[in-house]
Structure formats: C-alpha cells, structure tokens
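1. the following block contains a protein sequence and its predicted model.
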Amino acid sequence: MIAGVAQFCDECEARQHAPVEGPPPNQKPQRPAAAPTRQTSHQLDLAVFAIIGGVVFAGVCLFALGGAGLIGIGGDDSTGGDRSGPVTRTFPPSTAPLGFEEGECTFEAPDGVEASCGYLTVPQVRAKPDQGTVTLPVAVFKATGAGRRPDPVVYLDGGPGGNTLKQMPGIYEVMKPLAVDRDLVLFDQRGAGGSTPSLDCPEVTQVNYDLLQREFTVDERVAHDAASVQQCHERLLSEGINPALATSAESAADVDELREALGYEQWNLYGVSYGTRLALTVMRDFPAGVRSVILDSTYPPQSDVYAETPADFSRSLNLVFDRCAADAACSAAYPDLRQAFGDTVLRLNERPVIVSLTVGGRSIEGAVIDGVWFSAFIFQSLYSEALIPLLPRAIFDSRDGAYDVLTILANVYLQNAEFISPGMYLSVQCAEESPFSDREATLAAAVRADPVLKDYNEYSVKSIFASCDIWEAPAAAAKENEAVASPIPTLVLAGEFDPITPPAWGRLVAEGLENSFFFEFPGLAHGVALSGDCPLGVATAFLDAPQQQPATGCVDLMAGPEWAVE
C-alpha cells in the first residue's frame, strides 16, 4: 500500500479540475489560481503519505466522526422511529475451536524482519458461550535489536473499525521504531479487517460515492446514510451474523486472551484514537497483564463525543485561522482566512461545483462538492500535521474557483474510508456512545456551534443516531460510560490541532490515572507518537522506564505549522 502512495499523489497533482462556475459575479477578481509550487507539491506528497500511510494506521477518525457521506456524528429521532429496546435474536454457533492456531502470514514481511502469524478464536459473548465465536488474525514481529525485552508492544487500532493487517507491511514501517527492543503485536479487532465474522459494510462505504452524484439536502443525506445502514444490517442478519458482536468489553477480553495465548506475562499497550478507549477498558478489566500504556489521541469513555465534536472542530479550525494570521508570510498570502472559509462554505452550499476525483484507480466524474463536503474534507485534513499547512491554500483556491488542492484532500478522504469497517464502528458506538447521549441537546449544540458549519454539523449529528436506531445494538452497561481509574503507568499524548480527540480529553483522562504523564505537542494533530523525533523519543523513553517522567525538553522547541505559501 505504501509503495503506491507516490504514484497516487502524482496522479492527483497532474489532474486539472475545471470548476463548473467561478467566484460569484460580485466578488472582486482575485489572484489567478496557480499550479502547486514546488514547495507545495512536496508538501502534498508528504501529506498524502501521512494520511494514507500514517493517519489510516493511526485510526484516524473514530470512523469519520464528523465526516460527510459516511456515518457522521450524532443525530436525532427523525428517521428511526421508536427503538426503546433491541430485538432479541439467536445466532448460529460457530464450529471453530477456541484458542490460538498458527497460520501463514497474508503479507510479505519487511526485509530483515521475522514475522509469525496465526488466528485467535474466542467466544462472541463470553457470558453466552453458545452464541458462536470470533476469529482474529494476528501478526507478531520479533524485536530487531540485539537486546530483546520480554514485554512486547501491542497496537490497538482506532476507528472503531480500523483494518490493521490489511495495511501491512506499511503499518509496520510506521510502528517499527517501537519494535527495536520489543516484539510488536498487531491484530484485527473483532468485526474489523480479516476477522470473522466480518462487520464490513460495503453498502455504507458506497454511500460516499452515491452522495457525490448530485446535490442533497441535510435530511436527504441522512436518509441515504440510513438506507445504506439498513441494507448492511439486513444482509448481516440474513447471513446469520450478529451486527452487535463488537464491544469494547469483549475486545478487551480478546486482548488479554491474546496475551496469554502468545505466552507473554505482561505487555505494553499502545492505543491510538478509539484504541485508547479500548486500552482504558483493558486497564480496567485486565490490569495484571499490563506493564505500561501509551494513550495517543485519547477518547475517554466519559466524554460525550457527539455533543462535543462540533465545538472541537471549530476550536481546531480557529487555531489554523489564528496561527496563519499571526504568521507574516501566511497572513500576507491568505489575508482574513476565517472570512474566506466562511464565504467558501456558504457559496458552495448555494452553488455547488463539479470536479473529477480518482480514488484508488476509481474515477469519479462529475462529483458535486457543496459546503458540507468542503467542510468534511477540511475536518478530515485537520487530523494530519502534514495537511494542516496546506489548508489556507485549499481554502483560498477554492474560494477563487480553483480546486486542485481540494480534490487531493477529497481523494485522501475517500481513500481513508476504504480502511474502516463501518459495521464495527456501529456495533461499538451504537452500544457505548449513542445510548448515553441526549439527542435533543446534542443536535441543538451542533446547530449553534458555528453558523458557517450549521449544515455540516446538523447532518453529522443527525446521521449517527438515525443509523444507530437501525443497528439495534444493546445498550452497554453504565460503566462503559464512566472514567477509568488505574495505577498502571500511563503516557498520555495529545496534538494541539486535533479536531476529534482534543488535548482537553487527554488531560481529563490523565487526571484519573494516578501514575500518568500528559504532554501536548505544538503543531501536531491526531496520532502524535510517531509524528516526529520528539514525540517518538518521549514514547520510547517512557517504555524503557514507565515509572519515570520522560525528558521532554524537545517539546518546548517544537514550532507550529510551516505554512505553504506561494
């Protein structure tokens, strides 16, 4: 997958996208839209690599929380009807034997790296062993250094629904700095990737492309999302698959069983995004097997993600506006960036433009980009410190009727969705987040969070609740919505610009962990531990001595984005 990134980016840059219309007639003529400069082209190469090779690996998005055309973030009761309780169903048992079985790796290991693979089979519901089993693909990469330590690092992917092993060997290349002295364990969580039964929902992924075919109202978008979720839900039921088989509590038990099956007395958890919530669940339920924990871009169980995300998006976006305004070169190239963004969103909502996109070799001619899509592409880009420097350029070019940079952001956005299992996302979120949300208050907060983003936030908030009404996941126990307290040494990392798991969430979690260290990294966003030498050094130092605060002098030397200016 990594090998194809450069070609993908070159193809994106070479393609010219003529808009259907230019700026509004009453707008003053602006500077002509130029092809990307050499500096910008290089940054685009890095940005696409970071998103496809890094942010996907990092469990980018709590599955497109806030992402148009997928599930969105929240919702109301407008399309779901009365769902006062889930329907009770019986699913056929599996004949797969419980335990770990060695198997062939489905990927080619990097040169000089020893990898072994296999499959862990566990009960779907441990309290009901007759409900069938789940089989999880596993890969173990042996430490590459001479002084191998007995406590490996196990990577807990984000999403929920990140397809971990599907991204091999690229994901190893990103993680390998932590695999010098320790084994690195990767696996697909239940419902995601190559796990069986699979909760993949191509019907839901396809709705992205359907929504690009023409202009839609907010309610029409929600209806399309709901219809795709209904199709997937019905198909899974017809195949005898429980759509709600993935929960954080059962996945945490999977993690502990995997540790025992591989023969490790203790290991170190590295969770990113949703993987941090899973890590916290392991800390709560199976502390004996955990030596230390790294929480990267933390998702606290006690947070109200659907109510808070609209304001968090605005916080991150305003950081871009303010930092650009404070930078002489950026402010000169992109004066009054906040106004330019607002003007662009409102104009695209009134008069969408048509562009051509290419995603993984798939050509999408005549994609209709309105203010909701534009906002979604900007939101997703805020996950990556490699893309953030390009956002002023993307906003100004789009305002002036040039969409080259924006289409690259769109391509990356759509490509990212191919590495997520929508059904696993729904299984987890509809059990552990949606039931604890006040729908009316959540929608009201989203609508008033930012007048410019009203349509985007309203759609995002409506969509997930409508989808959860269809998914019928049983509500989780109350403790799945409560803070976790633990004495296990924990490193909590946050990126300043992160739009979905803001630094405040990391601080919130760290306050409840008695042996924790919290660090916020200037200029970084979502998934920070492997975003540069400084956070990587902090993480590796912590793994070596988790009871001691790692040296962090490098944090004070970090600067903000180096803006792409012409």
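-> That came in fine, so what should we check first?

2. and Glu234, how far from Val153?
-> 40 Å (Cβ to Cβ, to the nearest Å). Any C-beta I mention is one placed from the backbone N, CA and C, and that applies to glycine too.

3. more neighbours: which of these two?
-> For Glu234 versus Val153, neighbours defined as other Cβ atoms under 10 Å are more numerous around Val153 (25 against 13).

4. what pLDDT does the model give the more buried one?
-> Per-residue confidence (pLDDT) for Val153: 98.

5. next one: Val229
-> At Val229, pLDDT is 98.

6. please shift the residue numbers so they start at 3 in all later answers.
-> Understood, numbering begins at 3; the last thing we discussed is Val231.

7. quick one: the one helix or strand it maps to to chain centroid distance?
-> Using DSSP states H and E, Val231 falls within helix 220-240. Chain-centre distance of helix 220-240: 21 Å, with Cα atoms, centre = their mean, to the nearest Å.

8. what is it packed up against?
-> Applying 3 or more Cβ pairs under 8 Å, 6 or more residues apart in numbering; DSSP states H and E, one finds that helix 220-240 makes contact with helix 204-213, helix 424-434, helix 456-473.

9. closest to Thr360 out of those?
-> helix 204-213 (12.2 Å; Cβ to Cβ).

10. next, the buried residues of that closest one.
-> 205-207, 209-213 (16 or more other Cβ atoms under 10 Å).

11. so who does Val430 touch?
-> Listed by Cβ atoms under 8 Å, 6 or more residues apart in numbering, the contact set of Val430 reads 162-163, 248-250, 276.

12. of the residues you listed, select the buried ones using a ChimeraX command.
-> Here is the ChimeraX command that selects only those of these that count as buried (16+ other Cβ under 10 Å):
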select :162,163,248,249,250,276
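
13. in helices only, show me the contacts of Val430.
-> Among the contacts of Val430, the members found in helices (DSSP state H) are 250, 276.

14. what about Asp399, distance to Leu392?
-> Counting by Cβ to Cβ - Asp399 and Leu392 are separated by 10 Å.

15. out of these two, which sits in the busier spot?
-> Leu392 (25 against 22).

16. so what's Leu396 closest to, chain neighbours aside?
-> Careful, residue 396 is Ala and not Leu. Val407 (4.3 Å; Cβ to Cβ, 6 or more residues apart in numbering).

17. count of residues packed around the one you found?
-> By other Cβ under 10 Å, neighbour count at Val407 equals 30.

18. quick one: mean pLDDT over the helix or strand hosting it.
-> Assigned by DSSP H and E, Val407 belongs to helix 406-419. Averaging pLDDT along helix 406-419 yields 91.

19. Ile356: which element?
-> Using DSSP H and E, Ile356 falls in strand 355-361.

20. give the pairing partners of that strand; include direction for each.
-> strand 364-371 (antiparallel) (DSSP bridges).

21. name the helices or strands packed onto the next helix or strand after the partner strand?
-> Following strand 364-371 in sequence order, the next helix or strand is helix 373-383 (DSSP H and E). If you count contacts as 3+ Cβ pairs under 8 Å, 6+ apart, helix 373-383 packs onto helix 339-352, helix 393-401, helix 406-419, helix 456-473.

22. pick out the shakiest of these, pLDDT-wise.
-> Confidence, taken as mean pLDDT, is least for helix 406-419 of the helices and strands packed on helix 373-383 (a mean of 91).

23. excluding chain neighbours, what is closest to Ala194?
-> Ser423 (4.2 Å).

24. which pLDDT value belongs to that neighbour?
-> Value listed for Ser423 in the pLDDT field: 97.

25. pretty sure it sits against Gly193.
-> Yes - the pair Ser423 and Gly193 qualifies as a contact (Cβ atoms under 8 Å) at a distance of 5.8 Å.

26. what do the two both touch?
-> Joint contacts of Ser423 and Gly193 (Cβ under 8 Å, 6+ apart) are 163, 200-201.

27. any idea which of those residues is the one closest to Asp314?
-> For the shared contacts of Ser423 and Gly193, the nearest to Asp314 is Gly163 (20.5 Å; Cβ to Cβ).

28. look up phi and psi at the closest one.
-> Backbone dihedrals for Gly163, given as degrees, to the nearest 10, come out at phi 120, psi 10.

29. could you pull up the residues touching it?
-> Contacts of Gly163 by Cβ under 8 Å, 6+ apart are 65, 191, 193-194, 201, 422-427, 430.

30. again, only this time at 7 Å
-> By Cβ atoms under 7 Å, 6 or more residues apart in numbering, the residues touching Gly163 are 65, 193-194, 422-424, 426-427.

31. what's the answer for Ser200, then?
-> Contacts of Ser200 (Cβ under 7 Å, 6+ apart): Gly193.

32. what's across from it in the sheet?
-> Gly193.

33. I'd like the distance between it and Leu186.
-> 24 Å.

34. and for Ala246?
-> In terms of Cβ to Cβ, Ala246 sits 31 Å off from Leu186.

35. circling back to that earlier point, quick one: work out the angle between the helix holding Val407 and helix 393-401.
-> Counting by axes from the mean of the first three to the mean of the last three Cα atoms, to 10 degrees, helix 406-419 lies at 110 degrees to helix 393-401.
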